[in-house]
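In: Got a sequence here, can you model it:
(chains A and B)
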Amino acid sequence: MARLVRICAVIYLATACASACAAQDLRVPDSAVAGEETSISTTGSGKATFYLAGPGVSRKNQVALGEQIRLTAQDLGDAGYYLAILCSETCRSASFYVRAGKPASLSFIVHPSRVPVAQNEAVNGVALPFDQYRNLVLAPVIVNFQLKAKDASLFSRAVPTQNGVAWFRTASGKSAGALLVVASLDELTTRRAVQQVASEACNLRITGQRTKTGILVQTEPVHDCSGNVLPDGTIVTFSATGPEGRDTVDAPIKQGIARAQMDSSGATTISVASGVVMGNEIRVGAQP
Amino acid sequence: MKYALPVILVAVTAALMVLGLYVTGQAGGTVGVTKGSALHTAKADTPDQGLENLLADVQRRNWDRAFADVSSSSGITEQAFIQDWMGSNGSLRSFSSLEGFDARPLHATNDEAQMRVRLHFSTPVGPLEDVRDFRLIREGEVWKAVWPKVQVPSIPAEVIPVTFLRWDLVTGGADEEWGARNIDAPHVRIISMNAVDTATGAVVMGEVTNEDTVPAFVTVNATLVDAAGNAIDEESSFDKIAHVLLPKQVTPYRIDFPNLHLGNVKNVRMDEKATLVPASADPVIGVMNQRIETDVQGKSVLHGDLLNQGGQTVNIPHVIASFYDNNGKVVWVSDGYVDRALLPQSSQSFAVEIPKNLSTAVHSFHVVVNQYSLGKS
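Out: Coordinates of the predicted model:
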C-alpha cells in the first residue's frame, strides 16, 4: 500500500511540473515612468492574448509567448496603476505602477486676487508640478515661493511638495499696488499678480463751507491707517441734519477726495462715514 | 311635432340675445373700472359723477373726453394733462396703467367739492397706490375737475462735465492658463440682521456692505430652519435691496416670508452672494429733506426729495429706507418706487411708509437710492 502511494505522488508531481513548465507567465516592470517605453517579459510557448488596462489605455493584442511585449510611450502616457493580463489556456495577470516623469510645468494659483494691505495671513498660493503628460508629480520636489512689491522682496520660502502640492500663506504688504508672486522649480517659473488695495478709511475728516446754494462739504484726502489713498469710486456717505430735515448723499471718492452739496439753509450738523467707519462731525451755521 | 325642437331652439336663442342686450345695457362697468360706466359716460351732475367720468376716461385712455372733464380754469394744456397721466422720459408711470380707483368726498358745497382718491396702478414692479386730492367745481350743470398745473422741472441748457468713475470688466478666454487671471468675487458682508413677526408673515431684514474696492452685484437669501434642522422656507431679498453696491456702500435688505411665523423657527441661515459687475458711479443722487411725518391718512411716512446731482436721467428711481431704534438696531426696511423720472439737476419727492406699530420705535433712518436707467445695465 505504501509503495502504491509513493508511485502516485511521483506521478502527480511530474504532471504538475510538466504543466507548470508548459504554461505562460509574465513579468511586469518594477519601475515605469509615464511617457517612457518599457516592456513586459513573458514565458511559455505558443500564442496568447495580451490585455493592458490603465488610467488612459485599454488595449488587446496577440503576442508570442516567450517574447517581450513592448509598451509604447503612448500606452503609458498617464501615471497610475496598470493591469497586464496574458491569456492562453489559462490567464495570468500582474499589476504595475507608472509614476509621473520629471516636472515640466508648474501650475500656480494665488488667492485672493485683491487684498487689503496689512492683513495677516491674507495671501496664499498653491503650486502643483506636472510632467509633460500633465501627470501630477507626487515625488517630493522643492518649490521656491517669492513675493515682490516694487522690486523689494517681501517674502521668500522654499517649500517641499507633499503629495504633489506645495503651498504658502503670508501677510499682505503695507503699500497698495501690485504684488508679484513667483513660484519656481528648477528652471520652471510661474508668476501671478495680486492687487494690494487700501484698507478701511482711517481718520476720516470733513470740512464744510456755506455756498449760495447750500453747503459744500468735502473730505480731506481719504487714507487708510497705513497711509494709502483709498481708491477712487469708494463711497463716502455724508449726512446733514438741519431744520428742514436730514440730507444724505453717497458720494464717490475722486482723486482721493469725496465732495457733496447739501441743501440745508439753517444751522446744520454734518457727519461722514465710509462703510462701517465713522468720521468726524461738523456744525455749519445758518445762512446769514 | 317634428318642428317643436327647432322652434324651441330658435326661441331660446332669441331670448338669450335679448337678455344679452339687456344685461349689457345695464352693466355697471367693465373690467378694471371700479365705479361708473365704462361704455357710456353719464352726465356729471354730481361731484362724484364728474370725478368718475374723468377717471374712467383716463382709464380707457380716452384723452379727449377725459380732458373735457377738466375745468378750463385749470390753465393746463391737454398735452400736459396727458403727460401727467402717461409719464415721460421712460419713467415708471410710462409703463403703468390705471387699474382702478376708490373715491371718497372730503367736503362739498353747492359749487365746489374736494374728493380724496386712492388710485391703483398696475406697473412692471407690481401694483402701486397713489392718494390724490381732487378739487371739483360746478360749471353750469356739470361738475369738472380743476387740474393743478404740472410742475415740469425747468433745466437750463448746460454742459455738465462727465468725470464719473466707471468699472469695466474684462474676462479671460477659456484657453488661458489655469489660475493665470483669476478675479475674485467682491467681498460683501452682512453687518446687521433682525428677524421679526408681522401680521402678514415673518420678515428678515438688515444691512449689507460691500467691503471691497470693486462694485458688486449682491443678493441676500435667508433660510428659516426648524428645531430639527430642516429648512422651512427659503426666500431672497428680490427688489428690497440695492443690488449694485459700489465700494464701501451700505444697503438695507428685507426678505419676506409670507404666511410664516417665527414660532417654529429655531434658526435663520443667511447667505449673501456677490458677483463682480461693471458699474458706474454716476449719477450721484442726494436724498434731501428727509423727515418723518404723519400723512393725511394718519400713517407715519418718511418723506424726502431725491436730487439728481449728475448729468444722466434716472428713469425709475427706487428708494429703500432702513429704520433704526434707539440702539441702532434695524427695526424695519421700507421701499418705494418713484413714478416720475429724475432728470439731471432736478429733484422728485418720495415717500415710504413706516408700519404704525413701529412709528414710535423709530429713532433714525438711512435711505439709499436704486437707479434704473433705460439702456444701462
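In: how about the nearest residue to A:F238, chain neighbours excluded?
Out: The shortest distance from A:F238 to any non-neighbouring residue, by CB to CB, 6 or more residues apart in numbering or on different chains, is to A:A260 (4.4 Å). For the C-beta atoms, the positions are set from N, CA and C on the backbone; glycine is no exception.
In: now B:H318
Out: That would be B:N370: by CB to CB, 6+ apart, it lies 3.8 Å from B:H318.
In: I'd like to know how far that neighbour sits from A:G233.
Out: Note on B:N370: its distance to A:G233, by CB to CB, to the nearest Å, is 18 Å.
In: Look at these two and report which has more neighbours.
Out: A side-by-side neighbour count of B:N370 and A:G233, using other CB atoms under 10 Å in any protein chain shown, places A:G233 first with 22 against 19.
In: For the stretch 1-150 of chain B, give me the ranges with low pLDDT.
Out: Filtered on pLDDT under 70, the stretch 1-150 of chain B yields the residue ranges B:1-2, B:20-42.
In: quick one, helices of it?
Out: Remark: helices assigned in the stretch 1-150 of chain B by DSSP state H, counting those that start in this stretch are B:4-25, B:47-59, B:63-68, B:78-86.
In: Return the set of buried residues in the first one.
Out: Same thing as helix B:4-25. By neighbour count on 16 or more other CB atoms under 10 Å in any protein chain shown, the buried set for helix B:4-25 is empty.
In: related to what we said a few turns ago, turn the helices of the stretch 1-150 of chain B into CSV, columns for distance to A:R59.
Out: Output for the helices of the stretch 1-150 of chain B, formatted as CSV (distance: least, CB to CB, whole Å):
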stretch, distance to A:R59
helix B:4-25, 84
helix B:47-59, 79
helix B:63-68, 83
helix B:78-86, 76
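In: mind checking which of these is nearest A:G173?
Out: When the helices of the stretch 1-150 of chain B are compared by CB to CB, helix B:78-86 sits nearest A:G173, at 58.2 Å.
In: Packing partners of the closest one?
Out: helix B:63-68 (3 or more CB pairs under 8 Å, 6 or more residues apart in numbering or on different chains; DSSP states H and E).
In: other SSEs contacting the helix it packs on?
Out: Counting contacts by 3+ CB pairs under 8 Å, 6+ apart, helix B:63-68 is packed against helix B:47-59, helix B:78-86.
In: Deepest-packed of the ones you listed, please.
Out: Ranked by average neighbour count under the criterion mean count of other CB atoms under 10 Å in any protein chain shown, those are headed by helix B:47-59 at a mean of 24.
In: quick one: the strands in the stretch 151-300 of chain B?
Out: B:166-167, B:188-198, B:201-210, B:216-225, B:231-236, B:244-245, B:250-258, B:267-276, B:279-280, B:285-294, B:300-308 (DSSP state E, counting those that start in this stretch).
In: Does the longest one reach chain A?
Out: Yes: figure legend: strand B:188-198 in contact with chain A (CB under 8 Å from any CB of the partner chain); contacting residues B:I191.
In: Report the mean per-residue pLDDT for that strand.
Out: Mean pLDDT, computed over strand B:188-198, is 94.
In: same question, the first one
Out: The predicted model assigns strand B:166-167 a mean pLDDT of 84.
In: Each with direction, which strands does that strand pair with?
Out: Strand B:166-167 pairs in its sheet with strand B:279-280 (antiparallel), by DSSP bridges.
In: What's the mean pLDDT across the strand it pairs with?
Out: 88.
In: Run the chain-centre distance for it.
Out: When distances are taken as CA atoms, centre = their mean, to the nearest Å, strand B:279-280 is centred 24 Å away from the chain's centroid.
In: and stretch A:264-273, how far apart are its ends?
Out: Across its full length, stretch A:264-273 reaches 19 Å between end residues, using CA to CA, to the nearest Å.
In: Show residues contacting it.
Out: Under the criterion CB atoms under 8 Å, 6 or more residues apart in numbering or on different chains, residues A:204-206, A:208, A:214-215, A:217, A:219, A:236-244, A:247, A:262, A:278-287 lie in contact with stretch A:264-273.
In: Buried ones in that stretch, by neighbour count?
Out: By 16+ other CB under 10 Å, the buried positions in stretch A:264-273 come out as A:264, A:268, A:270-273.
In: if we take those, which one ends up nearest to A:V115?
Out: The closest of the buried residues of stretch A:264-273 to A:V115 turns out to be A:A273 (CB to CB; 23.4 Å).
In: Give me the sheet partners of the helix or strand hosting the closest one and which way each runs.
Out: Element membership for A:A273 (DSSP states H and E) is strand A:268-274. Strand A:268-274 has its sheet partners listed here by DSSP bridges as strand A:235-242 (antiparallel), strand A:277-284 (antiparallel).
In: orientation of that strand relative to strand B:250-258 in degrees?
Out: In terms of direction (axes from the mean of the first three to the mean of the last three CA atoms, to 10 degrees), strand A:268-274 departs from strand B:250-258 by 80 degrees.
In: any idea of the angle strand A:268-274 forms with strand B:201-210?
Out: Angle of strand A:268-274 versus strand B:201-210, following the same axes, to 10 degrees, is 80 degrees.
In: Quick check: mean pLDDT of strand A:268-274?
Out: 93.
In: Distance from that strand to the middle of the chain?
Out: Using CA atoms, centre = their mean, the offset of strand A:268-274 from its chain centre is 44 Å.
In: ok so, going back, distance to B:G206 added to the helices and strands packed on helix B:63-68, as a markdown table?
Out: A markdown table is the format used below for these (distance: least, CB to CB, whole Å):
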| stretch | distance to B:G206 |
| --- | --- |
| helix B:47-59 | 40 |
| helix B:78-86 | 38 |
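In: quick one: which of those helices is nearest B:S97?
Out: helix B:47-59 (7.7 Å).
In: domain parsing for chain A?
Out: Segmentation of chain A into domains, based on automatic domain parsing, reads A:20-99, A:105-197, A:201-284.
In: Determine how far the last one lies from the middle of the whole chain.
Out: A distance of 42 Å separates the centroid of the chain from that of domain A:201-284, by CA atoms, centre = their mean.
In: go on, the longest one?
Out: Domain A:105-197 has its average C-alpha position 9 Å from the chain's average C-alpha position, going by CA atoms, centre = their mean.
In: swap in stretch B:224-244?
Out: Centre-to-centre, stretch B:224-244 and its host chain are 23 Å apart (CA atoms, centre = their mean).
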